[in-house]
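1. Please work out how this folds:
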Amino acid sequence: QVELVESGGGLVQAGGSLRLSCAASRYTFSANTMGWFRQAPGKEREFVACISRGGGSTIYADSVKGRATISRDNAKNTVYLQMNSLKPEDTAVYYCSAGPRLSTLAGSMSYWGKGTLVNVSS
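-> Numbering: from 1, shown residues only. Next comes the predicted model:
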């Protein structure tokens, strides 16, 4: 069974930074693309960023472009999301996901973590 465990969320002031981590276990991490999505209270889950198997290709949502960096360490089975210049509208539960291809669509991802809460105060 695939397991994805997010960490690194918390309370941060606007303008601050956070690095989210997602550790994968019990499956071939390097064989899957990885993505981050987020869901704010009362809103639908939305795409944030994704990265290809080897890390050479990335896609970002317009809302985080220039402020977020997704990266992966296949030796550690871990994907990261560095978020800078955080805004109150970034407040959401952030979910790690894994899937067979690079995609911005939640429906294309096969596995999901339970999420980590990021709360940005103004």
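2. which residues in this structure form strands?
-> Using DSSP state E, the strands found in the chain span residues 3-7, 10-13, 18-25, 33-39, 46-51, 58-60, 68-73, 78-83, 92-99, 111-112, 116-121.
3. what angle sits between the last one and strand 18-25?
-> What separates the directions of strand 116-121 and strand 18-25 is an angle of 180 degrees, with axes from the mean of the first three to the mean of the last three Cα atoms, to 10 degrees.
4. any weak-confidence spans in this protein?
-> Counting by pLDDT under 70, the chain contains low-confidence ranges at 26.
5. Mean neighbour count and distance to Leu105 added to the strands of the chain, as a markdown table?
-> (C-beta placed from N, C-alpha, C; glycine too.) Compiled in a markdown table, these are given as follows (neighbours: other Cβ atoms under 10 Å; distance: least, Cβ to Cβ, whole Å):
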| stretch | mean neighbour count | distance to Leu105 |
| --- | --- | --- |
| strand 3-7 | 17 | 18 |
| strand 10-13 | 13 | 28 |
| strand 18-25 | 19 | 18 |
| strand 33-39 | 24 | 9 |
| strand 46-51 | 22 | 7 |
| strand 58-60 | 17 | 11 |
| strand 68-73 | 18 | 16 |
| strand 78-83 | 22 | 18 |
| strand 92-99 | 22 | 9 |
| strand 111-112 | 17 | 13 |
| strand 116-121 | 17 | 21 |
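6. okay, which residue is most central for the chain?
-> Taking Cα atoms, centre = their mean, the centroid of the chain lies closest to Trp36, which sits 2.5 Å from it.
7. which ones are touching the nearest residue to it once chain neighbours are set aside?
-> Among residues not flanking Trp36 along the chain, Val48 sits closest, at 4.2 Å (Cβ to Cβ, 6 or more residues apart in numbering). With contact set as Cβ atoms under 8 Å, 6 or more residues apart in numbering, Val48 has these partners: 35-38, 60-61, 64, 68, 81, 94.
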